[in-house]
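*Asks:* Please work out how this folds:
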Amino acid sequence: MAVSAQLDVDAAPASFELAYRQFRARVLGWALRFCAGRADLAEDVAHDTFLKLHRDFARLDTDDLGAWLYRVTANEALGRLRRERSFSAKLARLFSGAEAAAPAADHDFERREESLLVERALTALPDKERVVVCMWALDGLAQRDIARTLALSEGYVSKLLARGQERLRARGWEVGDDA
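*Replies:* Below you'll find the model as predicted:
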């Protein structure tokens, strides 16, 4: 599955403003996923992604804008995460803003607990592994497309995906073997 075919479902925007309105929610969603749900970091990543879009808009092929934004968002997230080295600081920020409100029903509570467990499992993965696993499992991208998006070799993407899956299995999660 080609990245552009999956990500670029709308007509090409004629201006930066239209592109921003068209892709704002998607870019923020991708950033949230790559940043393990950290809204503050995801907003910064999305902001920087749109700054790059604004700077380069006149030179870009807007027919492939979704794929370009996806690639820039993933790379911005990896760059930010790479600069953040303290795992304990990441966890402290991740849970410091968590809502303490009780869920309305038992199934809501169970769903929220499961979401927290998934979030913790993904957060525990090394940055590159987390991004690759999210791109593969949540966005449904093929390893070839992930490699092209992140400018990595297909072999390295395969290795990162296998390692990420193994770490998740070690934490008790069932992970597909489509790697």
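
*Asks:* Just the buried positions in stretch 51-63, please.
*Replies:* Going by neighbour count (16 or more other C-beta atoms under 10 Å), the buried part of stretch 51-63 is Lys52, Leu53, Phe57, Leu60, Thr62. In short, each C-beta sits where N, CA and C put it, glycine included.

*Asks:* Just the ones of these in helices?
*Replies:* Among the buried residues of stretch 51-63, the members found in helices (DSSP state H) are Lys52, Leu53.

*Asks:* Low-confidence stretches in the protein?
*Replies:* 1-12, 84-116, 176-179 (pLDDT under 70).

*Asks:* For the residue nearest the centre of it, what are phi and psi?
*Replies:* Nearest to the mean C-alpha position of the chain, by C-alpha atoms, centre = their mean, lies Phe34 at 2.7 Å. Backbone dihedrals for Phe34, given as degrees, to the nearest 10, come out at phi -70, psi -30.

*Asks:* quick one, helices of this protein?
*Replies:* Secondary structure of the chain by DSSP H: the helices cover 3-7, 16-34, 39-56, 65-83, 87-96, 106-124, 127-137, 143-150, 154-170.

*Asks:* burial of the closest residue to the residue nearest to the centre of the chain other than its chain neighbours, as a residue count?
*Replies:* Closest residue in space to Phe34, ignoring its immediate chain neighbours: Ala77 at 3.6 Å, by C-beta to C-beta, 6 or more residues apart in numbering. When counting by other C-beta atoms under 10 Å, one arrives at 29 neighbours for Ala77.
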